[in-house]
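Chemist: Predicted structure and sequence below. I'll ask about it afterward.
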Amino acid sequence: MESSEKPQALEYILILSGEEILAGRNQDRHLQYISSSLTPLGLLCRRCEVIGDKKIYLTKYIRNALTEVKLVIVTGGLGPTVDDVSREAIAEATGIVLKEHSTALAMLEERFRSFGRKMTENNLCQALVPVSGTFFPNPNGTAPGLVYDKGKKIVIALPGPPRELIPMVKTNLIPFLQGRLKLKRPASSRSFHFCCIGESNVDQIVREKLGGETDLTVSLLAQLGLVNLTLSLPDDNQESQERLSRYADTIRGELGTFLYSETDETLEQTVGELLKQRLDTLSVAESCTGGLLGEKITSVPGASIYFLGGVISYSNRAKETHLKVNTETLRIHGAVSRETACEMARGIQSTFQSRWGVAITGIAGPEGGTPEKPVGTVWIAVSDPNGKAFPFRIQFPGDRDAIRHRSCIFALDQLRRLLLKIDPHSTS
């Protein structure tokens, strides 16, 4: 007779190796990504630790972790320099010897040939692979991922740079763990991505509408201007899928105007797809954001199909010269105003002959504010294909970086709403 008890999720410990994280020079981007990638597979992170680039400490913490869990994941420290100690520390902690692997060496040498550079001798350590385990190829860097396989215990080392780690998690780590640990998706889940709404507002709606569902797991993650919501049920069957579909209808009905994606699309990807579908084009005029909006838009592959260009009009003279903002508008209303934002949006639209124009002008601080226009005051305007401008004023909290990032999120959302013919943000 089969037991009715559900299998417990497998736990792992994540160790981030890097003195630069402890020193505050770099921000951790691994915990959230790895945890959100592995949780749907039934792998739960018991603990995350940040360890400096000292072999003795890293070895100690890996050994301790292996006494608690069957899976340890280490990020960073796989390069060729003296402070890259993860490879040797894991070997010492697991007792698994490293040996030069001919395929790993050939891939490393080819990588350097593609750079047009001669490989120095210190790079040879990146061809060392555990004799018990395997390695993950790294087409985006020189250090492969390493798997130290002790049978009942596994330690996996991943490269530190996100541009190397993220593809490796998708292409190598997840398929490896699914095969090696015989993982199955333990739950049904739906994700919802919102912008320009507070986490507490989303939480309140979920509590009011879905709070009585005792077996429903709700996960909320807030970022600058964005909120991600995941709803999960314990079983992956037809009944669960039907229930999640009903929940999704409820969420759309209550929060649909703020919902920009139910997949892994970013807001800039969503907006780009809408522009492509309509065969529309876009140009942007930026003041306080200093090119950040253009950077976000062009981070999407294929953005050249719809994005024509932008102008960073930081000074009043630049606004007048490149965007044809009227001198009297600036004198009477100032650079941070409804009138200036609208003229900037129409001006960039005219300059690039794009169907849509987006403008941002504001006071990002920490200086420059006044009682009438304190730091965080931002005007956003979108000009549609008919030349009608939709202005939007908002007062953002936070420091300079937060204000700049939130401004871009709200500008993209204003454009998204107009493309979808959703009521734009208030112009008050």
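Modeler: Noted; the coordinates are in hand.
Chemist: Would you check that Val206 makes contact with Val227?
Modeler: No: when contacts are counted by C-beta atoms under 8 Å, Val206 is not listed as touching Val227 (10.8 Å). (C-beta placed from N, C-alpha, C; glycine too.)
Chemist: and for these two, which residues touch both?
Modeler: When contacts are counted by C-beta atoms under 8 Å, 6 or more residues apart in numbering, Val206 and Val227 have Leu220 as shared neighbours.
Chemist: Next SSE downstream of the helix or strand of the chain with the lowest mean pLDDT?
Modeler: Here the helix or strand of the chain ranked lowest by mean pLDDT, DSSP states H and E is helix 19-22, holding a mean of 84. Taking DSSP states H and E as the definition, the helix or strand that follows helix 19-22 towards the C-terminus is helix 30-38.
Chemist: Could you list the paired strands of the helix or strand following that next one along with their orientation?
Modeler: Stepping forward along the backbone from helix 30-38, the first helix or strand reached (DSSP H and E) is strand 43-51. Looking at strand 43-51 with DSSP bridges, its partner strands are strand 10-17 (parallel).
Chemist: buried ones in the strand it pairs with?
Modeler: Buried residues in strand 10-17, defined by neighbour count with 16 or more other C-beta atoms under 10 Å: Leu10, Tyr12, Ile13, Leu14, Ile15, Leu16, Ser17.
Chemist: next one: stretch 309-316
Modeler: So for stretch 309-316, counting by 16+ other C-beta under 10 Å, buried means Gly310, Val311, Ile312, Ser313, Tyr314, Asn316.
Chemist: Redo those as JSON lines? Include secondary structure.
Modeler: Output for those, formatted as JSON lines (DSSP: H, G, I helix; E, B strand; the rest coil):
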{"residue": "Gly310", "secondary structure": "strand"}
{"residue": "Val311", "secondary structure": "strand"}
{"residue": "Ile312", "secondary structure": "strand"}
{"residue": "Ser313", "secondary structure": "coil"}
{"residue": "Tyr314", "secondary structure": "coil"}
{"residue": "Asn316", "secondary structure": "helix"}
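Chemist: And the residues you listed, which two are furthest apart?
Modeler: Using C-beta to C-beta, the two most remote members of these are Gly310 and Asn316, lying 18.0 Å apart.
Chemist: any chance you could map the helices in the stretch 201-350 of the chain?
Modeler: Taking DSSP state H, counting those that start in this stretch as the criterion, the stretch 201-350 of the chain contains helices spanning 238-255, 267-278, 292-298, 316-323, 327-333, 338-352.
Chemist: For the least confident helix or strand of the chain, what is the distance to the chain centroid?
Modeler: Put simply, helix 19-22 sits 20 Å off its chain's centre (C-alpha atoms, centre = their mean, to the nearest Å).
Chemist: which parts of the lengthiest helix in the chain are buried?
Modeler: In the chain, ranked by residue count with DSSP state H as the criterion, the top helix is helix 400-419. Buried residues in helix 400-419, counted by 16+ other C-beta under 10 Å: 402-419.
Chemist: Then stretch 43-57?
Modeler: Residues of stretch 43-57 classed as buried by neighbour count (16+ other C-beta under 10 Å): Leu43, Cys45, Cys48, Val50, Ile51, Gly52, Asp53, Lys55.
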